[in-house]
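>>> This is a predicted model, with the sequence first.
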Amino acid sequence: MSFTAEVKDELARVGGSCPECDVAELAALVRVCGALSFHGSGAYSIRVSTETGAVARTVIRLAHEVFDLDTSLTVRRSNLHRSRNYLIEIPEQEGLEQALIRMGVLILGRGLSSGIAARVVARPCCRAAYLRGAFMAGGFIADPRGDFHLEIAVTGDEFADDLLELLDDEGITARVNRRRGSYAIYLKSFDDIAALLGVVGAERTARAVKNIRVMKSVKNDVNRRVNAELANQARSTGASADQLALIDRVEREIGFDALPPALLQFCVARREHPELSLRDLGAQMMPPLSKSALYHRVLRLEKLLE
C-alpha cells in the first residue's frame with residue numbers, strides 16, 4: 001500500500017463533528033472524482049471512479065447514510081498496472097436531485113455549480129470535512145522520508161480558487177499549477193502539510209510526519225557536523241603536509257644546527273606528529289603552546305628560507 005493510500009485509509013475512518021459534515025465530505029468526493037449525467041428534467045445519475053478502496057467505501061457509506069440513495073459497485077482490475085479501479089454508480093432515482101442541491105453540486109434553477117457552495121462549508125468542522133473529502137478524492141502525498149509534497153488534483157478554475165480559499169481560512173498556504181486542463185493545488189511547506197493533515201483528521205499521519213522531520217533534522221545536523229569535521233581534517237592534513245615540506249627545505253638549505261631552540265622544537269614535534277592540527281600539536285608540547293604561537297614559528301621558518 002502506498003503512503004497516500006495509507007493516509008486515505010486513515011481518513012476514511014474519521015467521522016464528522018455534525019450531521020452537515022457528512023454532506024460536505026460527500027459533496028467534495030462527488031465534485032472531485034465524480035461525473036454527473038443529465039437525463040432530462042430533474043433526472044440525474046452519478047459515476048464516481050477511484051483506485052482506493054477506502055474512498056469507494058466512504059462514498060457508498062455516505063450516500064446510504066446521509067441520503068438513503070441506491071448505489072452499485074463495479075471492481076475492475078488493470079492488467080497493465082496491476083491495480084484495481086472502483087466504479088460507484090448512483091443511478092437516477094427519487095431524492096438524487098435534492099441530494100445534489102443540498103451538496104451544492106446543483107443550484108436550483110441555474111444548473112451545475114462551478115464552485116463550492118458557501119452554505120456547505122459554513123462551519124469550521126464542515127470546512128475540514130470538505131477538505132478531507134477533496135483530498136480523499138484527488139489527493140496525493142509523497143512519502144515524507146523523501147520530499148515533503150502534497151497536492152490535490154481538481155478541475156475547474158473557480159473550484160480550484162474556492163478550494164484555495166478554504167485552505168487559506170485554515171491558515172494553510174497553497175499554490176495552484178495548471179496541468180492539461182486540470183489544476184493541481186499543492187503544498188511544499190512541511191508546516192502547511194502537517195497543518196492540513198491535522199485539520200482533516202489524519203492525526204496518526206501528522207505525528208508520523210513530525211517524527212520523520214525530527215529525524216531528518218537530526219540526520220542533517222549530524223551530516224553537517226561530520227562534513228565540517230572532514231573539511232577541517234582535510235585542511236589540517238594539507239597544512240601539515242606543507243609544514244613538513246617546509247621543514248625538509250629548512251633542513252637541506254639551513255640545517256637544524258643553525259635553528260633557534262624554539263624553531264627546532266617545532267620541527268621535531270611536527271615530524272613526530274604529522275597527523276595533528278596545530279592546536280593539538282601545541283597541546284602535546286612542554287610547556288603547551290597555542291595555535292597562534294606555533295603558526296608564528298611556521299612564519300619564522302619561511303622568513304629564514306627567504
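Yep, it's here.

>>> tell me, how many neighbours does residue 26 end up with?
The tally of other residues near residue 26 (other CB atoms under 10 Å) stands at 28. For every residue, glycine as well, the C-beta is placed using N, CA and C.

>>> I'd guessed it sits against residue 102; true?
No - between residue 26 and residue 102 there is no contact under CB atoms under 8 Å: 9.7 Å.

>>> The chain: strands as residue ranges?
34-40, 43-50, 72-78, 83-90, 106-107, 111-112, 139-141, 150-154, 175-179, 182-187 (DSSP state E).

>>> any chance of those strands in a markdown table, plus mean pLDDT, distance to residue 9 and mean neighbour count?
Formatted as a markdown table, those follow (pLDDT from 0 to 100; distance: least, CB to CB, whole Å; neighbours: other CB atoms under 10 Å):
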| stretch | mean pLDDT | distance to residue 9 | mean neighbour count |
| --- | --- | --- | --- |
| strand 34-40 | 84 | 20 | 13 |
| strand 43-50 | 90 | 12 | 19 |
| strand 72-78 | 85 | 17 | 10 |
| strand 83-90 | 89 | 14 | 17 |
| strand 106-107 | 85 | 30 | 18 |
| strand 111-112 | 80 | 31 | 10 |
| strand 139-141 | 92 | 12 | 22 |
| strand 150-154 | 93 | 16 | 23 |
| strand 175-179 | 87 | 26 | 12 |
| strand 182-187 | 91 | 20 | 19 |
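
>>> Out of these, the one nearest residue 239 is which?
strand 182-187 (47.5 Å; CB to CB).

>>> Name the strands paired with that closest one and say parallel or antiparallel.
Strand 182-187 has its sheet partners listed here by DSSP bridges as strand 150-154 (antiparallel), strand 175-179 (antiparallel).

>>> shaky segments in the stretch 101-250 of the chain?
233-234, 236 (pLDDT under 70).

>>> separation between the nearest residue to residue 74 once chain neighbours are set aside and residue 190?
Spatially, and ignoring its direct neighbours in sequence, residue 74 is nearest to residue 87 (4.4 Å; CB to CB, 6 or more residues apart in numbering). According to CB to CB, to the nearest Å, residue 87 and residue 190 sit 36 Å apart.
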